[in-house]
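Participant: no FASTA, just this:
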DNA sequence: CGACTAAGTTAGCGCCATAATTTAACATCG
DNA sequence: CGATGTTAAATTATGGCGCTAACTTAGTCG
């Protein structure tokens, strides 16, 4: 409805972006291969790569002899061109990790949070500390850091000020970037929901590689999803799309902590599973303050206890129906299952989940979809956050910090 | 992951498309206004519009005097440049309508189908007949028809051959375009799901105008939805996205005609509503072979019968929960409710639907969404189908039939 | 009737991608 | 062991495109 904007030398930017992305994802390539893979003419590839080499974004990486003929010179993104930081702001702690452009981890720190409901000020302080610590530990200069990606629990609203809303931990309109600026952080910041950054990591380096339409499903204490449509993380109108955990799956059913009834999370989230088990045993459940240990105990008990096995079978049923809803609505080519509870369940119940999905999804879209386990685990939130500044670099086809080409 | 393709004079095409779309949607505009609205320079606007005028796509449409200064010349898309046909292939009949480029209906025919489960061959024959009839009735030449949009029940798979799958009426991989070609139809064909074309109509001319993220929800005999993300109808990996009617809303609940249990359609589809009413009265329901009449009777009965009122209240509850799922997953800025049953319910139960939606959706995305009734009604399927060739024209920035500019 | 104002057009410039051509670096063969 | 062929990469020539800036056109107003 509003097809605005012009197009002039964005063309050059677009081609820089295309070539840079190809090199980043598909390793070292010769100019000739680049030309074939992108459809750009050899001349343009030469031209643009020369520019990228001059900008130090890419470097030559050895030659490959051909069967008679000039050997091709391989090009790749220079891992040392810049660094990126990924931060996982969780409910219990703040993880800060520093990577080079090849996404090799150079330093990492992990700060536990004292309070149960994390205070924004404490999170900001630990984040700023961690940022300084990893930069020092890795022995890099601050100016070499391209940007800082931050995965947060809750939704990120991008307006005049970027605000974080996290209903479950009581954050309402927390201006995290502004608060970090006040702590003296001057680096470019990229915020997104933690589930979305984890999904991004899985798409770039994990089970999602190669798919253009995928949903990364995360089952943990909470239940969430990252939806990728046409290669892009789907955000919706106000960046709160993909709230899979709070879709109604049992109308009028169990109370969820979000206030509604019958949410998927109330059945398939760790708390919901454990509570259903407790109820099934007439009040006596697995006793453990740590949800992860409790769920592990429940899974172990399934070998001998019929009740435990039934509760977990039912869980697979709910998860499968939830996945079927995603398939019916988004029609993805791949579903990737992750999250700590998802991983724990996946080992034995993946087939049951698939059966339930098949029972609840329409035949045609179901047959187009593969369901797989994730490859990266919950640590991927920080990696995924770190991909945000890299994605900005790739999209802009060059360093977004130096707006137009300063070195003419 | 695969950022391919090149960009050369697609730039010109892009700008032609931008200007043409602006003129199409936002009525007559002067060159100056176009320049401001699109961000293109005045020179480029002059240049491109001159080309469009030469191609007879746009024409001058009077002047507007300004307060001192040269009066602006208004430009608009020439309605007579070409015609388009929209076809609504329904379960009971085939509607064929012919429009000019301003989407004014010039002719229409409606062929009833004899069989209950429509035979593809019969549909194709009636479609081909209708097409010839409207062209004759409108007194236009076949060569002036830009293309034919067809809305079909079921999903459209676009591969080497375009195939139609409609589980409910027993169509499995019906090659509709090929069959129409065999009937002597040579015009460009555009197929899509009927719900999606109706959604498109609502987005262009109805309650969806101006929204970039919206879901058009259709409640009738079946239950479906058209999802618009970022201004585009969302299709997914194999064009079967948006199957809202078969998402699970009551795990383990009522049997649905798709074979699964607890689908939204089994509760909120007309058949589901009537059957629930029948059950609530111990077997005695509204007796009528015509679903529309039966539902109207049920709605009328709600004034006096507590049972009828309760069944319809519950229906609003289910629909609301289903809409909440759409809001949580897609985070649209607008929900538009349509379909014949949706329209019938909407008059009295819209508030109840909204309450249920509020109860089941997360607060933040719910507050960003407005829920409205559709403006066009079920007749819009054909109009929406007719927009498909128009959309192709606008996207290409000119007549796609004459591939590159033949008149140099 | 000439100054003023706004719309629209023309001229010149720089940028960019393609195609054709040239240079470079090998392998193989007679 | 140099001539020849082959493939990769760089260079040059060419044409298209949109932008800026100057200019023309067409009205109104004093």
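Facilitator: On my side now, so go ahead. All values derive from a computational prediction rather than experimental measurement. Residues are numbered from 1 along each chain as shown, chains lettered A, B, ... in the order given.
Participant: all contacts plus neighbour counts: C-alpha atoms, from now on.
Facilitator: Fine.
Participant: and residue A:308, which of the three is it?
Facilitator: helix (DSSP: H, G, I helix; E, B strand; the rest coil).
Participant: Which residue, neighbours along the chain excluded, lies closest to it?
Facilitator: With sequence-adjacent residues excluded and distances taken as CA to CA, 6 or more residues apart in numbering or on different chains, residue A:308 is closest to residue A:302, at 4.8 Å.
Participant: Test my guess that the one you found contacts residue A:296.
Facilitator: No - using CA atoms under 8 Å, residue A:302 is not in contact with residue A:296, being 10.0 Å away.
Participant: what ranges do the helices span in the stretch 251-400 of chain A?
Facilitator: Shown for the stretch 251-400 of chain A, the helices assigned by DSSP state H, counting those that start in this stretch span residues A:265-268, A:270-280, A:291-301, A:306-330, A:340-360, A:363-367, A:380-396.
Participant: what's the closest of those helices to residue A:34?
Facilitator: Comparing those against residue A:34 with CA to CA, the closest turns out to be helix A:380-396 (15.6 Å).
Participant: for that closest one, what is the average pLDDT?
Facilitator: Mean pLDDT, helix A:380-396: 94.
Participant: so where's chain A uncertain?
Facilitator: Applying pLDDT under 70 to chain A flags the ranges A:1-9, A:63-69, A:284-288, A:400-408.
Participant: domains of it?
Facilitator: The domain map for chain A lists A:10-77, A:83-198+A:381-396, A:210-375, with the assignment taken from automatic domain parsing.
Participant: So which of those is nearest residue B:266?
Facilitator: Closest to residue B:266 of the domains of chain A, according to CA to CA: domain A:210-375, at 12.8 Å.
Participant: Span of the closest one from start to end?
Facilitator: By CA to CA, to the nearest Å, the extent of domain A:210-375 from end to end equals 14 Å.
Participant: Distance from the chain centre to that domain, please.
Facilitator: 18 Å (CA atoms, centre = their mean, to the nearest Å).
Participant: And the residue nearest to residue A:308, its phi and psi?
Facilitator: Backbone torsions of residue A:302, given as degrees, to the nearest 10, read phi -60, psi -20.
Participant: re earlier: include distance to residue B:206 when you put the domains of chain A into a markdown table, please.
Facilitator: As requested, the domains of chain A are exported to a markdown table (distance: least, CA to CA, whole Å):
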| stretch | distance to residue B:206 |
| --- | --- |
| domain A:10-77 | 35 |
| domain A:83-198+A:381-396 | 28 |
| domain A:210-375 | 20 |
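Participant: Mind putting those domains into a markdown table with mean neighbour count and distance to residue B:221?
Facilitator: Converted to a markdown table, the domains of chain A look like this (neighbours: other CA atoms under 10 Å in any protein chain shown; distance: least, CA to CA, whole Å):
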| stretch | mean neighbour count | distance to residue B:221 |
| --- | --- | --- |
| domain A:10-77 | 17 | 47 |
| domain A:83-198+A:381-396 | 20 | 37 |
| domain A:210-375 | 21 | 18 |
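Participant: Minimum distance to DNA strand C: which of these has it?
Facilitator: domain A:10-77 (3.4 Å; CA to the nearest atom of the strand).
Participant: Return the distance of that closest one from the chain's centre.
Facilitator: Chain-centre distance of domain A:10-77: 28 Å, with CA atoms, centre = their mean.
Participant: Now do the end-to-end distance for it.
Facilitator: Terminal residues of domain A:10-77 are spaced 21 Å apart (CA to CA).
Participant: Kindly report the same for stretch A:281-296.
Facilitator: 17 Å.
Participant: just stretch A:209-221 next, same as before
Facilitator: For stretch A:209-221, the first-to-last residue distance is 26 Å (CA to CA).
Participant: how far does it sit from the chain's center?
Facilitator: The answer for stretch A:209-221 is 9 Å, by CA atoms, centre = their mean.
Participant: ok, residues contacting that stretch?
Facilitator: Residues from elsewhere that reach stretch A:209-221, judged by CA atoms under 8 Å, 6 or more residues apart in numbering or on different chains: A:195, A:199, A:202-203, A:208, A:223-232, A:268-271, A:291, A:326, A:331-342, B:1, B:236-237.
Participant: Cross those residues against strands and list the overlap.
Facilitator: A:223-229, A:232, A:334-338 (DSSP state E).
Participant: Pick the one among these closest to residue A:277.
Facilitator: Nearest to residue A:277 among these is residue A:223, at 18.0 Å by CA to CA.
Participant: The residue in the stretch 101-250 of chain A that DNA strand D sits nearest to in helix, strand or coil?
Facilitator: Here the residue of the stretch 101-250 of chain A nearest DNA strand D is residue A:102; by CA to the nearest atom of the strand that distance is 21.4 Å. State at residue A:102, reduced to three classes by three-state DSSP: coil.
Participant: How much space separates residue A:132 from chain B?
Facilitator: 33 Å (CA to the nearest CA, to the nearest Å).
Participant: How about residue A:62?
Facilitator: Distance, residue A:62 to chain B, using CA to the nearest CA: 25 Å.
Participant: So that residue lies in a strand, does it not?
Facilitator: Yes - per three-state DSSP, residue A:62 lies within a strand segment.
Participant: Could you find the closest non-adjacent residue to residue A:273?
Facilitator: Leaving out its chain neighbours, the residue that sits closest to residue A:273 by CA to CA, 6+ apart is residue A:267, at 5.9 Å.
Participant: Next: residue A:32.
Facilitator: residue A:42 (6.6 Å).
Participant: My guess is residue A:113 contacts residue A:90. True?
Facilitator: No - taking contacts as CA under 8 Å, residue A:113 lies outside contact range of residue A:90: 9.1 Å.
Participant: The residue nearest to residue A:32 against residue A:31, yeah?
Facilitator: Yes - under the criterion of CA under 8 Å, residue A:42 makes contact with residue A:31 at 7.3 Å.
Participant: nearest residue to the residue of the stretch 101-250 of chain A closest to DNA strand D other than its sequence neighbours?
Facilitator: Of all residues not flanking residue A:102 in the chain, residue A:79 sits nearest, at 4.9 Å (CA to CA, 6+ apart).
Participant: so what's that neighbour up against?
Facilitator: Residue A:79 makes contacts with A:100-103, as judged by CA under 8 Å, 6+ apart.
Participant: that older thread, I'd like to know which of the helices of the stretch 251-400 of chain A lies nearest to residue B:141.
Facilitator: Residue B:141 lies closest to helix A:363-367 among the helices of the stretch 251-400 of chain A, at 39.7 Å (CA to CA).
Participant: For residue A:62, see how far away the residue nearest to residue A:32 is.
Facilitator: Noted for residue A:42: a distance of 20 Å to residue A:62, by CA to CA.
Participant: Residue A:225 now?
Facilitator: Residue A:225 sits 41 Å away from residue A:62, going by CA to CA.
Participant: what's the strand or helix carrying residue A:74 packed up against?
Facilitator: Using DSSP states H and E, residue A:74 falls within strand A:72-77. The helices and strands touching strand A:72-77, judged by 3 or more CA pairs under 8 Å, 6 or more residues apart in numbering or on different chains; DSSP states H and E, are helix A:10-25, strand A:29-30, helix A:31-38, strand A:58-64.
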